[in-house]
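Student: No letters, just coordinates:
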């Protein structure tokens, strides 16, 4: 079950609010997170550990647990050890809402780190707002949103999708075919892409959506080949990418003849897709395992030591790791885990993290982040081919782009 379009958001919100009622609690009821009296501080970790999104979310969960271990090894927060409570969203958006409610009301966690798809975030949003609790969401998304109770540690649109389009334009790719999973993020992202294209002399050769978990892409690939675009802009999520890239390769399409720009495929997904099927294609993120710097070298070494020498690091899991570190810094500054105090303390906090300098924007709860375009290498790593040179201020509603007027 997932949102089929922007029009489906009402049912997602309804499901989330039903979960509120089912688990008890609501505005003004007792039980929200506060400074704990015991020796530990509970925090929630909520990701899809089963279902179609597990290919992407398990590694984010692992990175968040590693960050929690590191915080604890350094003394915890406010002298207390963090105690993670892990839940499975099961790639089902109402389940995310139900589990979020359980973590807040029953487990009384101080914050929740979790989600991947925008459908899961949209389902959880009313739960966190009604309970006045904090969600730290680690994945790039389509923008056009902000919430006083969500911190977005992945990229918003002007830090990923817009730089990806600028890059394709600079490479002379003017005719794009849009391929996406059928839910909130791809449909909204493609509205942005179409507005950009109209203002920048680009055309859209086609636009197709498939349900999450789809494995049959023969017909879609034939449509792409018949349309003869300069490039494909890919917003497929989860294990559907495996089938898509295999079937694209099977018809003779190569990264040089038909480059694909993906915004939801990182190192973890490259392994699942098979490097032979995706080498040479493009991705847009803020972090790669190969990003230079001592902080990242230590991060990669620690992750491999903890989870296995064959494991890779990636942007979403790095943003999940960052979320724990940024929240901990805000708690220390606030002197309490109480959400309203943490919110007041969080704005302006800057940390040197694996991707480089990251700063919390106190106004819209997004991060200042450096944009990076990468190319998938034959060994499965991603090599950066371009970056923005400095962190980009988050602009989730694209207010600084005249072509985006009316999108929000």
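Tutor: Noted; the coordinates are in hand. All of these numbers come straight from a predicted model, not from anything done at the bench.
Student: hmm, which helix or strand of the chain has the shakiest average pLDDT?
Tutor: helix 9-23 (a mean of 40; mean pLDDT, DSSP states H and E).
Student: Wait, residue 376 touches residue 288, no?
Tutor: No - using CB atoms under 8 Å as the test, residue 376 is too far from residue 288 to be in contact (10.2 Å). Quick note: C-beta positions are derived from backbone N, CA and C, even for glycine.
Student: ok, residue 268 - contacts?
Tutor: 55, 56, 59, 312, 314, 316, 317 (CB atoms under 8 Å, 6 or more residues apart in numbering).
Student: how about it, phi and psi?
Tutor: The phi/psi pair for residue 268 (degrees, to the nearest 10) reads phi -60, psi -40.
Student: What does the pLDDT read for it?
Tutor: For residue 268, the pLDDT comes out at 88.
Student: From residue 126, how far out is residue 144?
Tutor: Distance, residue 144 to residue 126, using CB to CB, to the nearest Å: 17 Å.
Student: same question, residue 373
Tutor: 35 Å.
Student: The strand or helix carrying residue 122: how far from the chain's middle?
Tutor: Take DSSP states H and E as the rule and residue 122 turns out to sit in helix 118-131. Distance of helix 118-131 from its chain centroid, counting by CA atoms, centre = their mean, to the nearest Å, is 15 Å.
Student: Quick one: list the elements packing against the next helix or strand after it.
Tutor: Counting by DSSP H and E, the next helix or strand C-terminal to helix 118-131 is strand 135-137. Strand 135-137 is packed against strand 112-114, helix 118-131, strand 150-152, helix 315-334, with contacts defined by 3 or more CB pairs under 8 Å, 6 or more residues apart in numbering; DSSP states H and E.
Student: quick revisit: determine the residues that are contacts of both of residue 376 and residue 288.
Tutor: Common neighbours of residue 376 and residue 288 (CB under 8 Å, 6+ apart) are residue 382.
Student: got the phi/psi numbers for the residue nearest to the spatial centre of the chain?
Tutor: In the chain, the residue lying closest to the centroid (CA atoms, centre = their mean) is residue 139, at 1.1 Å. Phi and psi for residue 139, reported as degrees, to the nearest 10, are phi -120, psi 140.
Student: Now do the strands in the stretch 151-300 of the chain.
Tutor: Per DSSP state E, counting those that start in this stretch, the stretch 151-300 of the chain carries strands over the ranges 175-181, 203-210, 231-235, 260-262, 282-285.
Student: now those in TSV, with mean pLDDT?
Tutor: Formatted as TSV, these follow (pLDDT from 0 to 100):
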stretch	mean pLDDT
strand 175-181	97
strand 203-210	98
strand 231-235	98
strand 260-262	98
strand 282-285	98
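Student: Could you give the bridge partners of residue 114?
Tutor: Note on residue 114: beta-bridge partners by DSSP bridges are residue 46.
Student: What separation do you get for it and residue 85?
Tutor: Residue 114 is 11 Å from residue 85, by CB to CB.
Student: more neighbours, these two?
Tutor: Set residue 114 next to residue 85 and count neighbours by other CB atoms under 10 Å: residue 114 wins out with 31 against 17.
Student: looking at it, the residue nearest to the centre of the chain is touching residue 314, isn't it?
Tutor: No - contact criterion CB under 8 Å: residue 139 and residue 314 do not qualify, at 10.6 Å.
Student: returning to what we had before: neighbour count winner among residue 144 and residue 126?
Tutor: Neighbour count, other CB under 10 Å: between residue 144 and residue 126, residue 126 has more, with 21 against 18.
Student: per-residue confidence at that one?
Tutor: 98.
Student: Could you list the low-pLDDT ranges of this protein?
Tutor: 1-37 (pLDDT under 70).
Student: which of the helices and strands packed on strand 135-137 is buried the deepest?
Tutor: Mean neighbours per residue, mean count of other CB atoms under 10 Å, is largest over those for strand 112-114, with a mean of 30.
Student: What is that one packed up against?
Tutor: Using 3+ CB pairs under 8 Å, 6+ apart, strand 112-114 sits against strand 40-47, helix 93-101, strand 135-137, helix 315-334.
Student: Let me know which of those is the nearest to residue 223.
Tutor: helix 93-101 (28.3 Å; CB to CB).
Student: so what secondary structure elements neighbour that closest one?
Tutor: helix 9-23, strand 40-47, strand 81-88, strand 112-114, helix 118-131.
Student: Check the gap between the residue nearest to the centre of the chain and residue 203 for me.
Tutor: 29 Å.
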